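[1] quick one, what's the 3D model for this:
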Amino acid sequence: MNHDSQFKGSEERSDTRPILIIPYMWIGDFVRNHTVVRVLKERWPNRPVDLLTTSLCAPLVDYMPGVRQGIVWDLPRSQLAVGRQFGLARLLRKRNYGTALVLPRTWKAAIAPALAGIPERVGFVGEFRFGLLNRWRWGEKRLPRFIDKNAALAQPEGAPLPGEWPVPQLQVPAGEIARWRQANGPGAAAAVALAPGSVGASKRWTYYPEAARLLVERGLEVWVVGGPGEKGLAQDIVAAGGPGVRDLTGTDLRNGVLAMAAAGVAISNDSGLMHIAAALGTPTMGIFGPTSPYLWAPLNGLAATVVQDKSALACQPCQSTICRMNDHRCMRDIAASEVVEIAQRVLREAAARKR
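    Sure, this is the predicted structure:
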């Protein structure tokens, strides 16, 4: 290393100005943003890192090590919301950020940091954001995965991608989990948490009711976890599984985080709750059909990646939210009995590691 690069590295590490991350706000993407936080903290250990967040995702910030605070500000989707943008800019200006990382490549995402006058505004070229960003990055389309695109912005410009990124972490205190269990009254045995929802109908495995019935028959407690949009699915699962199944769906994401933290194993579609469970360290089974595990599985790894292997489908993975061919066989050909057998194996393996 030459003297100039040594000086620059020392200068970077002595910087104490706070950093703001403008992340993607889907739940799974928000969890994966923690990798960006960890890369920033390795590069600038003395600079506080804040996350802009929606009200929905705000509980996640409480469990992310290395994040100073979440800036809760709801901006409507598909609307410019000029008044809300100016309000956010006023809030950001008071916090004296030195750097903003704008992960989404939309024009709208870069407005408030520019209006706030944050000196360094980093992001990929996209949607004619000239003037809104002042530290341009190029080559986004050459990066293979979503996490590569995001975490590369936290590195010095031109730095090569590492062989492995630091994985997202959600850390829930044991006492908080114990209080949640006491308040919600689940049994003491390891439970199976089911996450039947997802953004896009094609990513939803439809045999959760049958799986719940089989799990209960094998003496396991089953929890259904999700948001208010999954209430109907949860009712179907409870009806199939009977008293051994509990509906834990609701509007508070914190409740979902704590349920996943308390569970013995989580079974999920490719969804935000899959990423939450994996980041918590709960053994997680991800069921994949139209999406690619390489592109979208958690960096933390899965206890089991469940894909149909009965036939080769030319359309799989299609990355589409709606099945347009083959009658959803990529998900329909994954049997409930197969998933239940894998879940029992994962539980046995988890129990063996605790001995």
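
[2] domains in the chain, by residue range?
    Following the TED database, the chain resolves into domains at 12-154, 179-354.

[3] could you pick out the longest helix of the chain?
    helix 336-354 (DSSP state H).

[4] run the chain-centre distance for that helix.
    With Cα atoms, centre = their mean, to the nearest Å as the basis, helix 336-354 stands 23 Å off its chain's centre.

[5] what about the helices in the stretch 201-350 of the chain?
    Assigned by DSSP state H, counting those that start in this stretch, the helices in the stretch 201-350 of the chain fall at 208-217, 231-241, 253-262, 272-280, 293-296, 329-332, 336-354.

[6] Throw these into TSV and include mean pLDDT and mean neighbour count, thanks.
    The C-beta positions use only the backbone N, C-alpha and C, and glycine is treated the same way. Below are the helices of the stretch 201-350 of the chain laid out as TSV (pLDDT from 0 to 100; neighbours: other Cβ atoms under 10 Å):
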stretch	mean pLDDT	mean neighbour count
helix 208-217	97	22
helix 231-241	96	18
helix 253-262	97	23
helix 272-280	97	28
helix 293-296	89	15
helix 329-332	83	20
helix 336-354	93	15
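
[7] need these in a markdown table (columns: distance to Tyr63).
    Below are the helices of the stretch 201-350 of the chain laid out as a markdown table (distance: least, Cβ to Cβ, whole Å):
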| stretch | distance to Tyr63 |
| --- | --- |
| helix 208-217 | 26 |
| helix 231-241 | 24 |
| helix 253-262 | 7 |
| helix 272-280 | 8 |
| helix 293-296 | 22 |
| helix 329-332 | 30 |
| helix 336-354 | 21 |
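
[8] one step back: in TSV: the domains of the chain, plus distance to Gln169.
    As requested, the domains of the chain are exported to TSV (distance: least, Cβ to Cβ, whole Å):
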stretch	distance to Gln169
domain 12-154	6
domain 179-354	6
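
[9] closest one to Val167 among these?
    Nearest to Val167, of all these, is domain 179-354, at 4.5 Å by Cβ to Cβ.

[10] give me the distance between the two termini of that closest one.
    For domain 179-354, the first-to-last residue distance is 22 Å (Cα to Cα, to the nearest Å).

[11] mind listing what's buried in stretch 246-255?
    Buried residues in stretch 246-255, counted by 16 or more other Cβ atoms under 10 Å: Arg246, Asp247, Leu248, Thr249, Gly250, Leu253, Arg254, Asn255.

[12] what is the nearest of these to Gln182?
    Scanning the buried residues of stretch 246-255 for proximity to Gln182, where the rule is Cβ to Cβ, the winner is Asn255, at 13.9 Å.

[13] contacting residues around that closest one?
    Asn255 makes contacts with Trp180, Leu248, as judged by Cβ atoms under 8 Å, 6 or more residues apart in numbering.

[14] Val37 versus that one, what's the distance?
    Asn255 sits 24 Å away from Val37, going by Cβ to Cβ, to the nearest Å.

[15] how far off helix 208-217 does the longest helix of the chain point, in degrees?
    Orientation note: helix 336-354 sits at an angle of 50 degrees relative to helix 208-217 (axes from the mean of the first three to the mean of the last three Cα atoms, to 10 degrees).

[16] show me what helix 336-354 is packed against.
    helix 208-217, strand 265-269, strand 284-287, strand 304-306 (3 or more Cβ pairs under 8 Å, 6 or more residues apart in numbering; DSSP states H and E).

[17] JSON lines for these, including distance to Glu176?
    Output for the helices and strands packed on helix 336-354, formatted as JSON lines (distance: least, Cβ to Cβ, whole Å):
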{"stretch": "helix 208-217", "distance to Glu176": "26"}
{"stretch": "strand 265-269", "distance to Glu176": "18"}
{"stretch": "strand 284-287", "distance to Glu176": "20"}
{"stretch": "strand 304-306", "distance to Glu176": "27"}
